[in-house]
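S.K.: Quick one: sequence plus predicted model below, questions after.
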Amino acid sequence: MSRIGNKLIEIPAGVEVKFDGNTATVKGKNGTLVKTFANVISFETEGNTIKVVRANEEKETKSLHGLTRTLLANMIHGVNEGFSKELEVNGVGYRVAKQGKDLVMNLGYSHQVIMPEIDGITVEVPSANKIIIKGADKEKVGQFAAEVREKRPPEPYKGKGIKYVDEVIIRKEGKAGKGKK
């Protein structure tokens, strides 16, 4: 029995949810999200709550039940409040800046790394070593943050690179830390 799939989804004020077969359209103050779900999943709306219902008890359908409920809840949360990821840049001479719609990063390479904003995502640079990525679609926010981090992932010896704010980098000792025989 899916405990996540059986939870009801509350629709907050200011959010409009419409279903056209198995396609959900969610509108809110942060934009509109549209997603098509599997045919074996249906939705029941009562007042300001939504219940996700599965058609049968097959293993694949059960696994889609909780996933569908979570994706729909994330869509509603995204158009109402939005999602954000914070990244931190560590290293001597490493810095980031925003030029128009582009994120310009100096990461110790011989060239600047430039990443343009994608649709539905906004990038803020409050300081030279902090990046905040915001948007309504959780998947797009996480993917863009991963692509930015990928440009210079943190290394374990000095901790230089781009990391998530809540990420812990396990540090290694250098050659001097090796024991004598």
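M.R.: Thanks, I have the structure now.
S.K.: where does the protein dip in pLDDT?
M.R.: Residues of the chain that meet the criterion pLDDT under 70 lie in 1-2, 177-181.
S.K.: Which residue ranges of it form helices?
M.R.: 3-6, 59-80, 138-150 (DSSP state H).
S.K.: Dump the ones you listed to a markdown table, plus mean neighbour count.
M.R.: C-beta here means a position set from N, CA and C on the backbone, and glycine is covered the same way. Below are the helices of the chain laid out as a markdown table (neighbours: other Cβ atoms under 10 Å):
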| stretch | mean neighbour count |
| --- | --- |
| helix 3-6 | 14 |
| helix 59-80 | 19 |
| helix 138-150 | 17 |
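S.K.: can you redo these as JSON lines with distance to residue 89?
M.R.: As requested, the helices of the chain are exported to JSON lines (distance: least, Cβ to Cβ, whole Å):
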{"stretch": "helix 3-6", "distance to residue 89": "36"}
{"stretch": "helix 59-80", "distance to residue 89": "26"}
{"stretch": "helix 138-150", "distance to residue 89": "10"}
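S.K.: and residue 31, which of those is closest to it?
M.R.: helix 59-80 (6.0 Å; Cβ to Cβ).
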